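Q: what shape does this take:
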Amino acid sequence: SASIIELQTVDRRLRDVMRNEIQNRYDLIQLRLQIGLLLGDTMKFLAN
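A: You can find the predicted model right below:
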């Protein structure tokens, strides 16, 4: 059977992966927002 230490190690690794996933998703959202703002500014500039 898996030892307590092994389980704790797996748990910690899983939490690190989850944290990275959340961070990556946040970065993607930020990037999309910035691209959206850039596109909006470009459209306004072209419309004038």
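Q: ok, how many other residues are close to Gln8?
A: Counted by other Cβ atoms under 10 Å, the residues lying close to Gln8 total 10. To be clear about C-beta, it is placed using only N, CA and C from the backbone, and glycine gets the same treatment.
Q: any idea how far it is from Asn24?
A: In this structure, Gln8 and Asn24 are 25 Å apart, going by Cβ to Cβ, to the nearest Å.
Q: same check on Gln30?
A: Applying Cβ to Cβ to Gln30 and Asn24 gives a distance of 11 Å.
Q: same check on Arg12?
A: Arg12 sits 19 Å away from Asn24, taking Cβ to Cβ as the criterion.
Q: tally of neighbours for Gln23?
A: Residues within reach of Gln23, counting by other Cβ under 10 Å, total 10.
Q: can you check the one 4 residues further on too?
A: When neighbours are defined as other Cβ under 10 Å, Asp27 has 10 of them.
Q: how about the secondary structure of it?
A: Of the three states, Asp27 takes helix according to DSSP: H, G, I helix; E, B strand; the rest coil.
Q: any idea how far Gln34 is from it?
A: For Asp27, the distance to Gln34 - Cβ to Cβ - is 11 Å.
Q: can you map out the helices along the chain?
A: Secondary structure of the chain, counting by DSSP state H: helices at 4-47.
Q: residue ranges with poor pLDDT in it?
A: Judged against pLDDT under 70, the chain has no low-scoring part.
Q: apply 80 and report the result again.
A: Segments of the chain classed as low confidence (criterion: pLDDT under 80) are 1-2.
Q: so who does Gly40 touch?
A: Applying Cβ atoms under 8 Å, 6 or more residues apart in numbering, one finds that Gly40 lies in contact with no residue.
Q: going forward, begin numbering at 49 instead of 1
A: Sure, I'll start numbering at 49, so the last one becomes Gly88.
Q: so how far is Leu81 from it?
A: The span separating Gly88 from Leu81 equals 10 Å under the rule Cβ to Cβ.
Q: same check on Glu54?
A: For Glu54, the distance to Leu81 (Cβ to Cβ) stands at 41 Å.
Q: try Ile52
A: From Ile52 over to Leu81 the distance is 43 Å, taken as Cβ to Cβ.
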